[in-house]
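below: sequence and its predicted model.
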Amino acid sequence: MMWSILISAIGLLFVFEGILPFLSPPKWRQGMQHMMVVSDRTLRIIGFLSMVFGLGLVIVAREFFK
C-alpha cells in the first residue's frame, strides 16, 4: 500500500470531521451533548456500523477503480 493514499485518507477524514463544527457550531455542540447520554452499547453499535460501512466503501473503490 502506498503511504500517500493512507495519509490522504486520514486528511480527508479530518476535512469531513471539521465540516459540521465549522458550518454550525451550536448544532455540533448539541450533537456532542446528545452523544454523552447515549449508552455505551449504542455508541459501540454506531462505531461498528461506521467501520463496516467504511470498509465496504474501500472494497468497492478498490474493485471499481483498479
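Cool, got the structure. Numbering: from 1, shown residues only.

quick one: the helix or strand hosting residue 49 to chain centroid distance?
Assignment of secondary structure by DSSP states H and E places residue 49 within helix 40-64. Centroid separation for helix 40-64 versus its chain: 9 Å, with Cα atoms, centre = their mean, to the nearest Å.

and that helix, what does it pack against?
Applying 3 or more Cβ pairs under 8 Å, 6 or more residues apart in numbering; DSSP states H and E, one finds that helix 40-64 contacts no other helix or strand. Glycine gets a C-beta too; all of them are placed from N, C-alpha and C.

contacts for it next, please.
residue 35 (Cβ atoms under 8 Å, 6 or more residues apart in numbering).

ok, stretch 23-33 next?
Residues outside stretch 23-33 that contact it (Cβ under 8 Å, 6+ apart) are 20-21.

now it: how far from the chain's centre is it?
Relative to its parent chain, stretch 23-33 has a centroid offset of 16 Å by Cα atoms, centre = their mean.

the closest residue to residue 35 other than its chain neighbours: neighbouring residues, count only.
For residue 35, ignoring the flanking residues on the chain, the nearest one in space by Cβ to Cβ, 6 or more residues apart in numbering is residue 43 at 7.1 Å. Other residues within reach of residue 43, judged by other Cβ atoms under 10 Å, total 11.
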